[in-house]
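S.K.: Structural data only, the sequence is not supplied:
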DNA sequence: TCCGTCCGTGAGAGCGCTCTCTTGACATGG
DNA sequence: CCATGTCAAGAGAGCGCTCTCACGGACGGA
């Protein structure tokens, strides 16, 4: 103790062993739930552990097992980008809940520069953690490959680009979009447009694909003039909506690939004199808070974000225990939340 | 290695010492930047360290130093409560940046139940971390006291209740509110109301106090009928606004203790046929995204959240190194961001 | 009854590091 | 010239744990 303050929890294996009249090894077995201990001794030792408030020293354990029992979460947010929605907290919560249940530590790393990220890589490769969860890396980030070649188990969130061989967890963007558009079709909408997200991202592409799926499923044609790129931004969506109305005034429904864009589209529609949902129905994606603050409230596709986190952690723990690194993936279903913006049937 | 996979970074102090032809102790001195090493030997050892890619084993170091070089962040979000704003990510980012710069690890813990929190406490007290940052605990949470009595250095965010003797970092809510209201006064508003937050919270009280300060500073009286409790909720603010208009129809400005409430108040004003900002000016607090999505955009008080995080980490690191636990506090200034909702001068 | 087997338990090594103590080289002062 | 001081460097103990191996008693079959 360099600072002169004492810590509790000072009980050691040795102390417990002495108090219980057994050897260190036996206490270790009890603590680690080895079956090779007789019931009586187990009970006796557990009692002493309880009494002394013994907590294993992770450092000592780690030193010999070469396991740290801690997993890293790397959130590499592109420089300066703001956190505009509660995605990260919810994801972290999911991850945290799984790790806590398995008695693992969550080490959070948020590199802000390329240099930071280099350091993060060094750290992870040095074996200080048993594995890492990678969130929100840009497409050409070298970290996944670096970790993979150092044989550090990793799990990513979101479908990785270029079919790289890593484990990942994702939301079923395609099916989510499909169900949203199917809902519009079922509720009687005739001319359904979409405002797509950035088409160099997996969600952007997948959500457009889901939109097309739904149309084709219903035997309708794909009309390129009903698709406009909103770049996942508010301004992009405003422009896209205006463009769509101009090219195709008969539009009576819009599926936007994000709630942000849906909100902007809604405003643009109102500005253009359309009534929502009477004249035009609007559906978003993500089910953020903004979906409930617009008038009317937005129908949207809800993502199971906490579960995404839980699955990431679970997958990673499996990977850590596995003898070999076999890439695995988990795709989670979404849920359509119907609100006023898609209610009613269009006027005849 | 239980899983048969090898790790890099296997170089040990011993290996470096052998390669450099010195003793382990000398390498240790070089690595830990002890001045008691001759320049030549230092250089030689550093070269070998570089060459072998040696990275100290934290577990081994921790075992002898009784320091973990890791700090916990405990986010105890009241059960089920949603994360509606980007406060946590930004705070974490600030914390992370300071810790990374000092080569410390950030261990994130998000207890979801009382049982979880008990475990978190056990963990922290067991000495696995050098200190803890506590975020968003409810007022009667036993954790701070528990940690304090176990002599675990802690720092909290937000003024703690009942003048307890812990270090904390906070935003100057009072001054922030004061500047917002002063701005309304300066721009010619005559009857300024406030929608307060929950008055059992420090921010709720402090922001109301700031509102009153500004009025008194301008030589105006405090009129209780101009204060209505919005409970920090949208619905509460809607009701509060309606009530204020009823009691005092001459209102030409409203200071709401949060952007959420300001947005609701704005909607209520519009619904009541008032023009914003022509008839009534509206100012919020927090400067969340919502402040820029309303029409007109909201003037608001911006909090330096990243800096809050940085200060927390800095304060905690100081506390860890200190010989004694002396509670310290840091109060950060806010910044008024003027937008359209408070523009112009009221109609005569 | 004797031997082989099984299994609960203990002894002891050693994980990689820090830190105290010791050693020895060299400079300085009486 | 020797006592003394200074300082770089090494030797070695030991942090708290796990894990292998050895041991000894119980048990079953011949």
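M.R.: Arrived safely, thanks for sending. Please read these numbers as outputs of a predicted model, since none were measured by experiment.
S.K.: wait, isn't residue A:58 in contact with residue A:69?
M.R.: Yes. Applying C-beta atoms under 8 Å, one finds residue A:58 in contact with residue A:69, separated by 6.7 Å. The C-beta positions use only the backbone N, C-alpha and C, and glycine is treated the same way.
S.K.: Neighbour count: those two, which is higher?
M.R.: A count of neighbours by other C-beta atoms under 10 Å in any protein chain shown puts residue A:58 above the other of residue A:58 and residue A:69, at 22 against 16.
S.K.: distance of the more buried one from DNA strand D?
M.R.: Going from residue A:58 to DNA strand D by C-beta to the nearest atom of the strand, to the nearest Å gives 8 Å.
S.K.: Ok, residue A:100 next?
M.R.: From residue A:100 to DNA strand D the distance is 19 Å (C-beta to the nearest atom of the strand).
S.K.: Got the confidence number for the closest residue to that residue other than its chain neighbours?
M.R.: Nearest residue to residue A:100, sequence neighbours excluded (C-beta to C-beta, 6 or more residues apart in numbering or on different chains): residue B:116, at 6.3 Å. Here, the pLDDT recorded for residue B:116 equals 90.
S.K.: Is it correct that residue B:116 falls within a helix?
M.R.: Yes. Counting by DSSP: H, G, I helix; E, B strand; the rest coil, residue B:116 is located in a helix.
S.K.: burial of it, as a residue count?
M.R.: Counted with other C-beta under 10 Å, residues neighbouring residue B:116 total 17.
S.K.: Isn't it up against residue A:96?
M.R.: No. If you go by C-beta under 8 Å, residue B:116 and residue A:96 don't touch, sitting 9.3 Å apart.
S.K.: hang on, the earlier thing: mind checking how far the residue nearest to residue A:100 is from residue A:97?
M.R.: Per C-beta to C-beta, to the nearest Å, residue B:116 is found 8 Å from residue A:97.
S.K.: Then residue A:169?
M.R.: According to C-beta to C-beta, residue A:169 stands 15 Å off from residue A:97.
S.K.: Settle it for me: which of these two has more neighbours?
M.R.: Shown here are residue A:169 and residue A:97; by other C-beta under 10 Å, residue A:169 has more neighbours (27 against 18).
S.K.: Let me see the backbone angles for the more buried one.
M.R.: As for residue A:169, its main-chain torsions (degrees, to the nearest 10) stand at phi -120, psi 140.
S.K.: is it in a bridge, and if so with what?
M.R.: residue A:157, residue A:330 (DSSP bridges).
S.K.: Tell me who's in contact with it.
M.R.: Shown in contact with residue A:169 (C-beta atoms under 8 Å, 6 or more residues apart in numbering or on different chains): A:155, A:156, A:157, A:308, A:311, A:312, A:315, A:329, A:330, A:331, A:332.
S.K.: switch to 6 Å and redo it
M.R.: Taking C-beta atoms under 6 Å, 6 or more residues apart in numbering or on different chains as the criterion, residue A:169 is in contact with A:157, A:308, A:311, A:312, A:330.
S.K.: for chain B, what are the nearby residues on the stretch 201-348 of chain A?
M.R.: Contact residues (C-beta under 6 Å from any C-beta of the partner chain) of the stretch 201-348 of chain A with chain B: A:289, A:323.
S.K.: mind listing the strands for the stretch 201-348 of chain A?
M.R.: A:227-229, A:253-256, A:281-283, A:300-302, A:329-332, A:335-337 (DSSP state E, counting those that start in this stretch).
S.K.: average pLDDT across the fourth one?
M.R.: This predicted structure assigns strand A:300-302 an average pLDDT of 98.
S.K.: How about the first one?
M.R.: Throughout strand A:227-229, pLDDT has a mean value of 98.
S.K.: Over to the fifth one?
M.R.: Average pLDDT, strand A:329-332: 96.
S.K.: what comes up buried for that strand?
M.R.: Buried residues in strand A:329-332, counted by 16 or more other C-beta atoms under 10 Å in any protein chain shown: residue A:332.
S.K.: got the end-to-end distance for stretch A:76-92?
M.R.: End-to-end distance of stretch A:76-92 (C-alpha to C-alpha, to the nearest Å): 14 Å.
S.K.: correction: stretch A:220-239
M.R.: Stretch A:220-239: ends 26 Å apart by C-alpha to C-alpha.
S.K.: try stretch A:295-306
M.R.: Stretch A:295-306 end-to-end distance (C-alpha to C-alpha) = 27 Å.
S.K.: Return a ChimeraX selection command for the buried portion of the contacts of residue A:169.
M.R.: Buried subset of the contacts of residue A:169, written as a ChimeraX selection, criterion 16+ other C-beta under 10 Å:
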select /A:157,308,311,312
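S.K.: could I get the contacts of residue A:169 as CSV with distance to residue B:135?
M.R.: Listed next are those as CSV, based on distance: C-beta to C-beta, whole Å:
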residue, distance to residue B:135
A:157, 23
A:308, 23
A:311, 26
A:312, 23
A:330, 30
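S.K.: quick check, nearest of the contacts of residue A:169 to residue A:179?
M.R.: Closest to residue A:179 out of these is residue A:308 (17.8 Å), distances taken as C-beta to C-beta.
S.K.: Please tell me how far the residue nearest to the closest one when sequence neighbours are not counted sits from DNA strand D.
M.R.: Excluding the flanking residues, the one nearest residue A:308 by C-beta to C-beta, 6+ apart is residue A:169, at 5.6 Å. Taking C-beta to the nearest atom of the strand as the measure, residue A:169 falls 29 Å from DNA strand D.
S.K.: roughly how far apart are residue A:169 and residue A:326?
M.R.: Counting by C-beta to C-beta, the separation of residue A:169 from residue A:326 is 15 Å.
S.K.: cool, and residue A:277?
M.R.: For residue A:277, the distance to residue A:326 (C-beta to C-beta) stands at 47 Å.
S.K.: between these two, which one's more packed in?
M.R.: Neighbours per residue, other C-beta under 10 Å: of residue A:277 and residue A:326, the larger number sits with residue A:277, 25 against 10.
S.K.: What values do phi and psi take at the more buried one?
M.R.: phi -100, psi 0.
S.K.: Can you read off the pLDDT for it?
M.R.: Looking at residue A:277, its pLDDT reads 94.
S.K.: Okay, it and DNA strand C: tell me how far apart.
M.R.: Plainly put, residue A:277 is 65 Å away from DNA strand C if you go by C-beta to the nearest atom of the strand.
S.K.: Residue A:168 too?
M.R.: Counting by C-beta to the nearest atom of the strand, the gap from residue A:168 to DNA strand C is 32 Å.
S.K.: ok, now residue A:22?
M.R.: Here the criterion is C-beta to the nearest atom of the strand. By it, residue A:22 lies 4 Å from DNA strand C.
S.K.: Residue A:207 too?
M.R.: According to C-beta to the nearest atom of the strand, residue A:207 stands 48 Å off from DNA strand C.
S.K.: Tell me how many other residues crowd that residue.
M.R.: 28.
S.K.: Please apply the same query to residue A:37.
M.R.: Around residue A:37 there are 19 residues (other C-beta under 10 Å).
S.K.: Could you find the closest non-adjacent residue to it?
M.R.: In space, and not counting its chain neighbours, residue A:37 is closest to residue A:29: 5.0 Å by C-beta to C-beta, 6+ apart.
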